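Trainee: can you look at this prediction? I've put the sequence above it.
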Amino acid sequence: MFFFLEGVSLQMLEDNIDARLTLASLLLEEAKEEDAISLLAPPKNFDSIELPPEKSKPWWLNEKVKLKLCTIYRAKAMVEDFVDAIFPLVKVKKRLSRRVLFERVKVLNDRETENVFRGFRPVAPSSDL
């Protein structure tokens, strides 16, 4: 598939993420969602594509590309595709140990005794509150 952007073929800018995102935005403005999806979706045979050694990861694994693709899927109510695209971006937070949790509770309990207005006369008596 070839897209032309001001006379420059996308094939020349294949790995340029900003060019892909800009072109996808232009396609969305023209209500060409399917073209934008095909532009941002990973290639069908991405396992057989050889990446240059200086590239750390392919363009289709970039977070900006995935998020743009997710916004398109969400707008078109393509739930399964949305989940498939967003799931790798969601990170599970590791659970805290009991020791760390107890330390945090202790710090929070200590803060309750400290009052920002300590030393000042209250504006209203506590019976009015």
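Mentor: Ah, there it is. For clarity, every value in this text was computed on a predicted model and none was experimentally measured. Residues are numbered from 1 along each chain as shown.
Trainee: flag the shaky bits of the chain, pLDDT-wise.
Mentor: Counting by pLDDT under 70, the chain shows low-confidence ranges at 1-13, 46-55, 110-122, 126, 129.
Trainee: at 50 instead, please
Mentor: Across the chain, the ranges flagged by pLDDT under 50 are 1-2, 5-7.
Trainee: the strands in it, which residues?
Mentor: For the chain, the strands defined by DSSP state E occupy 4-5, 8-9.
Trainee: tell me which residue lies nearest the centroid of this structure.
Mentor: Of all residues in the chain, the one closest to the mean position by Cα atoms, centre = their mean is residue 67, 5.3 Å from it.
Trainee: quick one: that residue and residue 82 touch, right?
Mentor: No - because the distance of 11.1 Å does not satisfy Cβ atoms under 8 Å, residue 67 is recorded as not touching residue 82. The C-beta positions use only the backbone N, C-alpha and C, and glycine is treated the same way.
Trainee: residues in contact with the closest residue to the residue nearest to the centre of the chain other than its chain neighbours?
Mentor: In space, not counting the residues next to it along the chain, residue 67 is nearest to residue 89; the distance is 7.4 Å by Cβ to Cβ, 6 or more residues apart in numbering. Residues near residue 89 by Cβ atoms under 8 Å, 6 or more residues apart in numbering: 63, 66-67, 70.
Trainee: just the buried residues of those.
Mentor: With neighbours counted using 16 or more other Cβ atoms under 10 Å, the contacts of residue 89 contain these buried positions: 66, 70.
Trainee: out of the contacts of residue 89, who's nearest residue 105?
Mentor: Using Cβ to Cβ, the shortest approach to residue 105 within the contacts of residue 89 belongs to residue 63, at 34.6 Å.
Trainee: show me what contacts that closest one?
Mentor: Listed by Cβ under 8 Å, 6+ apart, the contact set of residue 63 reads residue 89.
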